[in-house]
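K.L.:
fold the following, please.
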Amino acid sequence: MSEIFKKMAAAWPAPLVARSEVGRFSGGLLNARTLANMDCKGSGPANRLRVGRKIAYPTADLVAWMQSRVEPVDK
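P.N.:
A predicted model of the protein is given here:
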């Protein structure tokens with residue numbers, strides 16, 4: 001599973017992911033509003049920064065957070 005996340009991070013062209021781009025980064029698995037709500041609750045990615053009016057996440061931190069939330073699906 002970690003190989004998928006490594007490929008995801010390697011394919012992203014920047015060291016940061018804007019919250020507004022998180023849907024594109026995740027292939028539609030995440031929504032920017034959901035991530036904003038999780039940030040308010042303290043359950044979002046560990047690090048985030050504000051650049052002007054936008055919120056961004058270091059790519060490695062966002063990938064690590066996504067990886068920590070993966071659950072296997074039983075068949």
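
K.L.:
just the element for the closest residue to F25 other than its chain neighbours, please.
P.N.:
Computed as C-beta to C-beta, 6 or more residues apart in numbering, the closest residue to F25 that is not its neighbour in sequence is V17, at 4.9 Å. C-betas here are computed from N, CA, C, even on glycine. Under the criterion of DSSP states H and E, V17 resides in strand 16-18.

K.L.:
can you name the next helix or strand after that strand?
P.N.:
Criterion used, DSSP H and E; the element after strand 16-18 is helix 22-25.

K.L.:
show residues contacting that next one.
P.N.:
M8, W12, V17, L30, N31, A32, L35, Y57, L62 (C-beta atoms under 8 Å, 6 or more residues apart in numbering).

K.L.:
in ChimeraX, how would I select just the buried ones from those?
P.N.:
Remark: buried members of the contacts of helix 22-25, expressed as a ChimeraX selection using 16 or more other C-beta atoms under 10 Å:
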select :8,12,17,30,35,57,62
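
K.L.:
hang on, the earlier thing: and the strand holding V17, what other elements does it pack with?
P.N.:
Judged by 3 or more C-beta pairs under 8 Å, 6 or more residues apart in numbering; DSSP states H and E, the packing partners of strand 16-18 are strand 54-58, helix 59-68.

K.L.:
quick one: which of these is nearest G44?
P.N.:
Of all those, the one in closest proximity to G44, counting by C-beta to C-beta, is helix 59-68 (7.1 Å).

K.L.:
contacts for that closest one next, please.
P.N.:
Residues outside helix 59-68 that contact it (C-beta under 8 Å, 6+ apart) are 1-2, 5-6, 8-9, 12, 14-17, 22, 25-26, 29-30, 44-47, 57.

K.L.:
can you list the buried residues in that helix?
P.N.:
Buried residues in helix 59-68 (16+ other C-beta under 10 Å): T59, D61, L62, V63, W65, M66.

K.L.:
quick one: find the helix or strand in this structure with the lowest mean pLDDT.
P.N.:
helix 2-11 (a mean of 88; mean pLDDT, DSSP states H and E).

K.L.:
got a list of contacts for that helix?
P.N.:
F25, S26, G27, T59, A60, V63, M66, Q67.

K.L.:
now it: buried residues?
P.N.:
F5, M8, A9.
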